[in-house]
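Peer 1: Sequence and predicted structure below; questions after.
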Amino acid sequence: STAVEQRFLDACRAHGVVALVHHQSKVTAAGHDWPADVLAVLAREATMETALNMLREVELIAVLDAFAAASIPNVLLKGTPLAYSHYAEPALRPRCDTDLLIPSAAREMTARALEGLGYRRHDAVSGTLISYQDSFHRTTGNVDHVIDVHWRINNSQLFARALTFDAAHARSVAVPPLGTWARALCPPHALLLACMHRAAHLYADGGDGNRLIWLYDIHLLAGALSAEEWRQFGDVCAVSRTRQVSLDAFAATQAALATAFPAVVI
């Protein structure tokens, strides 16, 4: 019925998987039997996501170039680097902002670099134990560009010190599509952050912390880790005391996506 179709589309939007579901509808036989109206909406919104991704990609490369010119070391976090490293197409991983980790000492340099590009800092509650990030915003045409600058890996006091900038940067990996200067968390660190990010949102948002797009990040990361990377992940979980957080994330991901996690890791 129309009501069921609308609920399905609303759920896709709420879970951040419109473009991903559209992609799957094209590559799986079952997708061809879906209602034409649903397929048309998915196609239209997926096309918009592709266009947005192209514009934001150009903007992000300019930001990273500016950081390089100002000698500001940084590491990309969360969905943006994963879109290029683990998804079939970057537009399949929508995101409303780009998250970056910097050294705490580089905060003012970073603000100056972004303001030089036309960004403005969002007003936010300040305090050394309230927030470990600044958010910067710029609009070009009808497109909003938001850069969230973090100087700790997570805003939650439980996870803020789980991974230092120096440790993250030392093992960071290149993201060639985003230019010469783009660096991202290595896969074990990216998986750790994905598990912590889900836990922090579960604490703040309840069931909304189990968004499918966040679980799919975990699914893709887990499916690509080597045996050595799994060993490294286990080590960093032990040091950061995030083993239960990771187990909970794995259970939710397995329930939603039938993800296969190595028995030795569990």
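Peer 2: Right, received. Where do you want to start? Numbering: from 1, shown residues only.

Peer 1: If you tally nearby residues, what's the number for residue 64?
Peer 2: Neighbour count of residue 64, defined by other C-beta atoms under 10 Å: 22. The C-beta positions use only the backbone N, C-alpha and C, and glycine is treated the same way.

Peer 1: tell me the mean pLDDT for the helix or strand where it lies?
Peer 2: Element membership for residue 64 (DSSP states H and E) is helix 36-69. The pLDDT scores in helix 36-69 average 96.

Peer 1: what packs against that helix?
Peer 2: In terms of contacts (3 or more C-beta pairs under 8 Å, 6 or more residues apart in numbering; DSSP states H and E), helix 36-69 is packed against helix 2-14, helix 18-27, strand 98-101, helix 107-116, strand 133-140, strand 143-150.

Peer 1: Go again with 10 Å.
Peer 2: Identification of packing neighbours for helix 36-69 by 3 or more C-beta pairs under 10 Å, 6 or more residues apart in numbering; DSSP states H and E yields helix 2-14, helix 18-27, helix 79-85, strand 98-101, helix 107-116, strand 133-140, strand 143-150.

Peer 1: ok, then the element right after it?
Peer 2: For helix 36-69, the succeeding helix or strand toward the C-terminus, using DSSP H and E, is strand 75-77.

Peer 1: That following strand: how far from the chain's middle?
Peer 2: Computed by C-alpha atoms, centre = their mean, to the nearest Å, the chain-centroid distance of strand 75-77 equals 9 Å.

Peer 1: Show me what that strand is packed against.
Peer 2: The contact analysis (3+ C-beta pairs under 10 Å, 6+ apart) places strand 75-77 against helix 79-85, strand 98-101, strand 143-150, helix 165-170, strand 183-184, helix 187-205.

Peer 1: which other residues reach the shortest one?
Peer 2: Contacts of strand 183-184 from elsewhere in the structure, counted by C-beta atoms under 10 Å, 6 or more residues apart in numbering, are 64, 73-78, 80-82, 84-85, 100-101, 168-169, 171-175, 178, 190.

Peer 1: mind running it again at 8 Å?
Peer 2: Under the criterion C-beta atoms under 8 Å, 6 or more residues apart in numbering, residues 74-77, 81-82, 85, 169, 172-175, 190 lie in contact with strand 183-184.

Peer 1: ok, back up a step: most packed of the helices and strands packed on strand 75-77?
Peer 2: strand 98-101 (a mean of 24; mean count of other C-beta atoms under 10 Å).

Peer 1: what pairs with it, and is each one parallel or antiparallel?
Peer 2: Strand 98-101 has the following strand partners under DSSP bridges: strand 75-77 (antiparallel), strand 143-150 (parallel).

Peer 1: what's near enough to touch the nearest residue to residue 243 once chain neighbours are set aside?
Peer 2: The shortest distance from residue 243 to any non-neighbouring residue, by C-beta to C-beta, 6 or more residues apart in numbering, is to residue 237 (4.8 Å). Residue 237 is in contact with 192, 243, 246, counting by C-beta under 8 Å, 6+ apart.

Peer 1: helix or strand right after the one helix or strand residue 237 maps to?
Peer 2: Following DSSP H and E, one finds residue 237 within helix 227-240. Beyond helix 227-240 on the C-terminal side, the first helix or strand identified by DSSP H and E is helix 243-257.

Peer 1: now what about that next one, what contacts it?
Peer 2: The contact list for helix 243-257 (C-beta under 8 Å, 6+ apart) reads 159, 191-192, 194-196, 198-199, 210, 212, 215-216, 218-219, 222, 233, 237, 259-261, 266.

Peer 1: With respect to residue 37, which of the helices and strands packed on helix 36-69 lies nearest?
Peer 2: helix 2-14 (6.4 Å; C-beta to C-beta).

Peer 1: what inclination does the closest one have with respect to helix 36-69?
Peer 2: Interaxial angle, helix 2-14 versus helix 36-69 (axes from the mean of the first three to the mean of the last three C-alpha atoms, to 10 degrees): 10 degrees.

Peer 1: gap between residue 15 and residue 186?
Peer 2: As judged by C-beta to C-beta, to the nearest Å, residue 15 and residue 186 stand 27 Å apart.
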